[in-house]
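> Sequence plus predicted model, see below.
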Amino acid sequence: MRIIPLTEESKKNILDDLLKRSPNNYDQYQDTVNEILKDVRDKGDRAVFEYTKKFDRADLTPDTLYVTEEEIREAYSQIDPGLVEVMKRSIANIRSFHEKQLHNSWFTTREDGVILGQRITPLESVGVYVPGGKAAYPSSVLMNIIPAKTAGVKRIVMVTPPGADGRINPATLAAAHLAGATEVCKVGGAQAVAALAYGTESIPKVDKIAGPGNIFVALAKKSVYGHVSIDSVAGPSEIMILADETANPRYVAADLLSQAEHDELASAILVTTSRELAEKVSAQTEEFISALSRRDIISRSIENYGYILLADTMEDAIDTVNAVASEHLEILTANPFATMTRVKNAGAIFLGEYSSEPLGDYFAGPNHVLPTNGTAKFFSPLSVDDFVKKSSVISYSREALEEVHEDIIRFAKAEHLTAHANSIAVRFGKEVFNEEGEE
């Protein structure tokens, strides 16, 4: 890996480079996505089936669109029972973590008859997108479905591309069943997003769409926002490691490559104050890459978006961490908890040499659906909060309103909203008619 002195100029260049990977910069695909969305909106099932045939080579009908109980049983018979047990243990950890995020509705009362509160209710229906193709990501299934289930969502429909035989990857299907999906639909791509957003004859509209996908899925989610809610527009995976001279270079190198293997656009960055560590990590990554199965993808990722930044001070290093606002941040310093208190922006923070990023991907419990491309400055990990909505509750007695009604009328008049003022005034034998506020 290349070692670069950390300067204001190099930091700016790297930030600019990373932002190029954002889905917002792939407008050349938007026309294709728009056409698919329009077709599904206009033609419903027919368009969904046509695009599934075109892109996935699978023939679907309303009778074969959804996974059956028989297919679920068959999926379990095709995967390692040991994997099923691992997924069950992972589910227990994920559920336990997300249950702690639950909030209750609340109300406050006053002696003058005022009742104020907040009512929390789950969304009625959610669509969860899970990538298909050659790779299977049962961990993403768990991370998207379990918080929705924990929130109390009644209908959770998972959509995922089928194989040419019309089948779903067995591990993906088993994960959906274990996590609590109410339906599994054999549709992927932008056409799946459109079906969930607009509804078709066979796929009812949902309230929210969550889950990662390719650039067409990301742009489709972005386009349907407003018709439905979405979790985020996810970009390529990224990891940043903040380390000092106490860090183990083998661990650092291994952790950097764990994200670089996702795809050629993945980013892996080490920022350190130790030249010795930087040089050892650079050498170790080359050794690891030669032995890893996805070496071609990793090599391209490291070549394009892999950096070792050598900082003069830890303060400079932490400033860079906050500027990058990485999806995953590992802190491998002498006192990682103290270092963490100075970090403002990161999707998930991993502290200490035995808390490597894959722990969060699969097993620890916190959600691995995280903000990317610097959006950790203002977005948070997927959580139970993404699957509930909050309603304010207001109840005033006549006595309580009488005490403040003149204030409200004056405020409304200041905004020239006489109907607002009149709504209050009529309750006390007054009327407001004109914009000038004359009664």
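Noted; the coordinates are in hand. This one's a predicted model, so the numbers in the text were calculated from it and none came from an experiment.

> now the helix or strand containing Val217: mean pLDDT?
For Val217, the element it lies in under DSSP states H and E is helix 215-224. Average pLDDT, helix 215-224: 94.

> after that helix, next one along is what?
strand 229-230.

> Name the surrounding residues that touch the helix or strand containing Phe411.
In this structure, Phe411 sits in helix 398-414 according to DSSP H and E. When contacts are defined by CB atoms under 8 Å, 6 or more residues apart in numbering, helix 398-414 is touched by residues 110, 112-114, 418, 420-421, 424-425, 427-428, 432, 437. Quick note: C-beta positions are derived from backbone N, CA and C, even for glycine.

> Put the alpha carbons of the helix or strand hosting Val48 into CSV.
Take DSSP H and E as the rule and Val48 turns out to sit in helix 45-56. Written as CSV, here are the backbone C-alpha positions of helix 45-56 (Å, rounded to 0.1, in the frame of the first residue of the first chain):
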residue,chain,number,x,y,z
ASP,A,45,-46.7,-7.3,-12.8
ARG,A,46,-46.1,-7.5,-16.5
ALA,A,47,-43.1,-5.2,-16.4
VAL,A,48,-41.7,-6.9,-13.3
PHE,A,49,-41.8,-10.3,-15.0
GLU,A,50,-40.3,-8.9,-18.2
TYR,A,51,-37.4,-7.3,-16.5
THR,A,52,-36.8,-10.4,-14.3
LYS,A,53,-36.7,-12.4,-17.5
LYS,A,54,-34.3,-9.9,-19.2
PHE,A,55,-31.9,-9.4,-16.3
ASP,A,56,-32.1,-12.7,-14.3
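
> Toward the C-terminus, what is the element adjacent to it?
According to DSSP H and E, the helix or strand after helix 45-56 is helix 69-78.

> other SSEs contacting that next one?
Counting by 3 or more CB pairs under 8 Å, 6 or more residues apart in numbering; DSSP states H and E, the packing neighbours recorded for helix 69-78 are helix 170-179.

> Let me know the average pLDDT across the helix or strand just after the helix it packs on.
Where DSSP H and E defines the elements, the next helix or strand beyond helix 170-179 is strand 183-185. On average, the pLDDT along strand 183-185 is 97.

> can you check stretch 128-141 too?
On average, stretch 128-141 scores 86.

> What of stretch 35-49?
97.

> Can you show me the strands along the protein?
3-5, 106-109, 115-122, 125-129, 155-159, 183-185, 208-210, 229-230, 238-243, 267-272, 306-310, 328-332, 348-351, 388-395 (DSSP state E).

> so can I have CSV of those showing mean neighbour count?
Shown next, in CSV, are the strands of the chain (neighbours: other CB atoms under 10 Å):
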stretch, mean neighbour count
strand 3-5, 14
strand 106-109, 11
strand 115-122, 14
strand 125-129, 27
strand 155-159, 24
strand 183-185, 22
strand 208-210, 24
strand 229-230, 21
strand 238-243, 27
strand 267-272, 28
strand 306-310, 24
strand 328-332, 27
strand 348-351, 20
strand 388-395, 12
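
> a markdown table for these, including distance to Ile91?
Shown next, in a markdown table, are the strands of the chain (distance: least, CB to CB, whole Å):
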| stretch | distance to Ile91 |
| --- | --- |
| strand 3-5 | 41 |
| strand 106-109 | 30 |
| strand 115-122 | 19 |
| strand 125-129 | 15 |
| strand 155-159 | 14 |
| strand 183-185 | 17 |
| strand 208-210 | 17 |
| strand 229-230 | 24 |
| strand 238-243 | 25 |
| strand 267-272 | 29 |
| strand 306-310 | 33 |
| strand 328-332 | 22 |
| strand 348-351 | 19 |
| strand 388-395 | 20 |
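
> list the buried ones in the helix holding Val48?
45, 47-49, 51-52, 56 (16 or more other CB atoms under 10 Å).

> how about the helix ranked longest in the chain: buried residues?
Using DSSP state H to define each element, the chain has its longest helix at helix 81-99. Buried positions in helix 81-99, judged by neighbour count with 16+ other CB under 10 Å: 87, 90-91, 93-95, 97-98.

> Stretch 198-212 now?
Using 16+ other CB under 10 Å as the test for burial, stretch 198-212 gives 198-200, 202-203, 206-212.
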